[in-house]
Every structure is written in C-alpha cells, then in structure tokens.
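>>> give me a 3D structure for the following:
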Amino acid sequence: MQFSRVLTRTWHWQLQIAILAAILTGAAVLFIGTVLFVVPKCWSRDWSAGEWQVVTIAILAYVLVLRAVFMPLVDLIPEEAYYWNYAQHLDLSYLDHPPMVGWLIWLSTSVLGKSEFAVRLPAYICWIVAALFMFRLTLNLFDRTTAFRVVLLLAVLPIYFGLGFL
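Down below sits the predicted model:
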C-alpha cells in the first residue's frame, strides 16, 4: 500500500500534504541509503564502531516505523485470526501453542479494542524484546560492534523481517 494512501485513508490527511510527506520520506530514505552505502569512500575502508551504531540505529528506526505504520492496515492472516480466537478463550495451555501468545493478545485487545493493531502489538513488542536480548547476549559474548551487526541482521534479513509482520 502506498504511503500517501495510508496517510489519506487512515489519518485523513489532505492528498497534497500526504503526497508531499511521502516524497520527503522517500527522499530522506534515499539520501541516507546513498550516503551510507553508495558513496565509494564507505567501501574503501572498514567501518568504525561508531559508524556501525549509526547505521544500525537508522535502519532499525526505519524498520520499526515501517512496521508500526503498516500494522493496522493489513488484514489478519489466518494464523493471526486463530491466535485472536483462542485469546478470547483463555486457558493454561493449548494444543499447538504456549499460553503466553493468547494472554498477550487478550491483554492487548482488552486495552486497545478488537483491531488488527491490537492483535499484532504483542508480536511487535516481543520483537523489540528479542532484539534487545540478542544485543545484550552478543555484547556479553563479543564486542559492541558485533552486537550492533547482529541487531542489524535481525532487522533486515528477510526471514526475520517477514516473520516480524506475522
């Protein structure tokens, strides 16, 4: 779904302002990507620890905002609807899942109402917790630069990025 369509339909922005916001957002992402990855000087030397931190934080912020914006807009897939269904009937365990999934979705939908956003919010928060855990574990085993690289891989590898939406 286009970013300008999200702004006009979901947040009821005027079309011209939504298009301008989409253009500026796209230009900012393109500029950051160009400065970090396309400029030849970046490839001629190893990146310092500070540069890895900046790259990781910028990409992580972009991924988190992207997920947060599109979370309420996409219909639930069958698995998510199944999770929501058994969150309506809480128990100590289920045939195929531990009870925490149901409890978190129940808590989220109780506070925020029954919506796609409320069903997906626990997974979003759990992804952030997993990223923090991976960062701290890698920091404990290796160094700070490696920890930032691990979080960067967790954020952009297709398997983790795709599962983050599910």
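
>>> next, the buried residues of the helix or strand in which residue 100 is found.
Assigned by DSSP states H and E, residue 100 belongs to helix 99-112. By neighbour count on 16 or more other CB atoms under 10 Å, the buried set for helix 99-112 is 101, 102, 104, 105, 106, 108, 109. C-beta here means a position set from N, CA and C on the backbone, and glycine is covered the same way.

>>> how about the third one: what's its closest non-neighbour residue?
Setting aside the residues directly before and after it, residue 104 is nearest to residue 122 in space (CB to CB, 6 or more residues apart in numbering), at 3.6 Å.

>>> what about the one you found, which helix or strand?
Going by DSSP H and E, residue 122 is in helix 116-141.

>>> show me what that helix is packed against.
Secondary-structure packing of helix 116-141 (3 or more CB pairs under 8 Å, 6 or more residues apart in numbering; DSSP states H and E): helix 49-70, helix 78-87, helix 99-112, helix 144-156, helix 158-165.

>>> between helix 144-156 and that helix, find me the angle.
Using axes from the mean of the first three to the mean of the last three CA atoms, to 10 degrees, the direction of helix 116-141 lies 160 degrees away from that of helix 144-156.

>>> give me the residue at the spatial middle of the chain.
residue 64 (3.6 Å; CA atoms, centre = their mean).

>>> re earlier: and which of the buried residues of helix 99-112 is nearest residue 126?
Using CB to CB, residue 104 is the member of these that lies nearest residue 126, at 7.5 Å.
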